[in-house]
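Visitor: Below is the structure, and that's it, no one-letter string:
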Ligand code: GDP
Ligand code: ZN
C-alpha cells in the first residue's frame, strides 16, 4: 500500500512496516504511476535493500485526478478511495451549503460514495444540513471533536476504509483526526493549511493510517479534482435527488434553468428536492459554464 510520495520515492506499507520504494524495470519503462492508496507489487529480491523495488501497480477501483494547469491532461492524486467525507461545522464557521454541494459534486463526478460530517454540534444544530441533504440521501454524521459526541459513529464510518476528509478551513478536520488518533498530534489547522497550499502541482496526497483500520487521505486541493473538467451538461446527474426527473424535461438538452417544461424545476417546486440544493446547482452550473477550460 502506497502511503505517499516524495518525487520518485514512495513510502509504502509492507507487513506493517513503512519502507521506501521506487518503480523499477518494466513498471518504470512503461511509465507506470503509483500514488497514495495504490497497491503495488514489491520485488521480493529487493526486500533486504534500503530502497525496495516496485514491479507493478495493481488495478485501481477508483482514482482521484486533477487537471494539470495549462490543459496538459490529468495527474493522479489518490487511488482506491472508498469514500469522501465532506466536513462542515454546525456553526463557527456557519455552514456553506454551496461549498458542501460542490464537494459532493466532485465525489459524484469521481463516482466515489460520499457522506457529510457535521462537526461542532456543541455550538450549533445540524438540522439545517440534514434538511438540505435528506432527499439526496447522503449519510449525515453529527459530531463534536470537542465533547466526543457522535465520534463512535464517525469511527464506524471510517473503519477499514480509505476516506478523503475534505471541507472548508476551520471546520475542525485536524481536530477530528486528532480526536480519532490521539498519537497523530496534527497542529490545529494543519490539514487545511496543506489543503490550501499554492497551485498543488507538487504537493501529493498522503494516507494517514487510523487505529480502527483504514486510512484517511490528506489530499491538497480536493475541490479541484475531476469535476472542473466536466461539461456542465452532466451536472444534473451529480445531484442524486434530481435523477428521477433528469431526462423527463420537455427539451432533451434542458439545463433546468429557464426552459419551459423542466421536470427538475417541477420536482423542486413539488418539494421533493430542496430549493437550497437547486440553488447550488444553478451556482455551480454558472461557474462551470463561465470558466473557460484551459485548452479552449
Ligand atoms: P481545520 O482547519 O478544518 O483542520 O480545523 P481545526 O481542527 O484547525 O479547528 C478549527 C477550530 O475549531 C479550532 O480552534 C478548534 O479548536 C475548533 N474546534 C474543532 N472542533 C470543534 C468542536 O467540535 N467544537 C468546538 N466548539 N470547536 C471545535
Ligand atoms: Zn430541465
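Guide: Happy to help now that I have it. What you see is a predicted model, and the numbers here were worked out from it, not measured in a lab. Ligands and ions are numbered 1, 2, ... in the order given.

Visitor: Kindly state the beta-bridge partners for residue 208.
Guide: residue 216 (DSSP bridges).

Visitor: quick one: pLDDT of residue 69?
Guide: pLDDT, residue 69: 66.

Visitor: meant to ask about residue 28, not that
Guide: 89.

Visitor: In the helix or strand where it lies, which residues are buried?
Guide: Residue 28 belongs to helix 25-29 when assigned by DSSP states H and E. Buried residues in helix 25-29, counted by 16 or more other CB atoms under 10 Å: residue 27. Using the backbone N, CA and C atoms, a C-beta is placed for each residue, glycine as well.

Visitor: Mind giving me the packing neighbours of the helix or strand following it?
Guide: Next along the chain after helix 25-29, taking DSSP H and E as the criterion, comes strand 40-42. In this structure, strand 40-42 makes packing contacts with strand 9-14, strand 51-57, judged by 3 or more CB pairs under 8 Å, 6 or more residues apart in numbering; DSSP states H and E.

Visitor: Can you give the contact residues for the helix holding residue 28?
Guide: 22, 43, 53-57 (CB atoms under 8 Å, 6 or more residues apart in numbering).

Visitor: so which of those residues also contact ligand 2?
Guide: Among these, not one lies near ligand 2 by CB under 5 Å from the ion.

Visitor: Could you point out which of the residues you listed is nearest to ligand 2?
Guide: residue 57 (41.7 Å; CB to the ion).

Visitor: Residue 34 is in contact with that closest one, correct?
Guide: Yes - using CB atoms under 8 Å, residue 57 is in contact with residue 34, at 5.0 Å.

Visitor: what about these two, which has more around it?
Guide: Taking neighbours as other CB atoms under 10 Å, residue 57 and residue 34 compare with residue 34 leading, 23 against 19.

Visitor: if I pick the spatially closest residue to residue 27 that is not a sequence neighbour, what's in contact with it?
Guide: In this structure, residue 27 finds its nearest non-sequential neighbour in residue 56, 5.0 Å apart by CB to CB, 6 or more residues apart in numbering. Contacts for residue 56 (CB under 8 Å, 6+ apart) come out as 26-27, 32, 40-41.

Visitor: now do 7 Å
Guide: Counting by CB atoms under 7 Å, 6 or more residues apart in numbering, residue 56 touches 27, 32, 40-41.

Visitor: Next, the buried residues of stretch 147-160.
Guide: Neighbour-count burial for stretch 147-160 [16+ other CB under 10 Å]: 150-151, 154-155, 157-158.

Visitor: Ok, stretch 283-291 next?
Guide: For stretch 283-291, by 16+ other CB under 10 Å, it's 284-285, 288.

Visitor: what does stretch 50-69 give?
Guide: Neighbour-count burial for stretch 50-69 flags 52-57, 62-67 (criterion: 16+ other CB under 10 Å).

Visitor: closest to ligand 1 among those?
Guide: When the buried residues of stretch 50-69 are ranked by distance to ligand 1 (CB to the nearest ligand atom), residue 64 comes first, at 19.2 Å.

Visitor: can the helices and strands packed on strand 40-42 go into JSON lines with extra columns for distance to residue 76?
Guide: JSON lines is the format used below for the helices and strands packed on strand 40-42 (distance: least, CB to CB, whole Å):
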{"stretch": "strand 9-14", "distance to residue 76": "12"}
{"stretch": "strand 51-57", "distance to residue 76": "10"}
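
Visitor: Let me have those strands in CSV, extended by mean pLDDT.
Guide: CSV is the format used below for the helices and strands packed on strand 40-42 (pLDDT from 0 to 100):
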stretch, mean pLDDT
strand 9-14, 94
strand 51-57, 95
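
Visitor: mind checking which of the ones you listed is nearest residue 218?
Guide: Smallest distance to residue 218 across the helices and strands packed on strand 40-42 (CB to CB): 12.9 Å, for strand 9-14.
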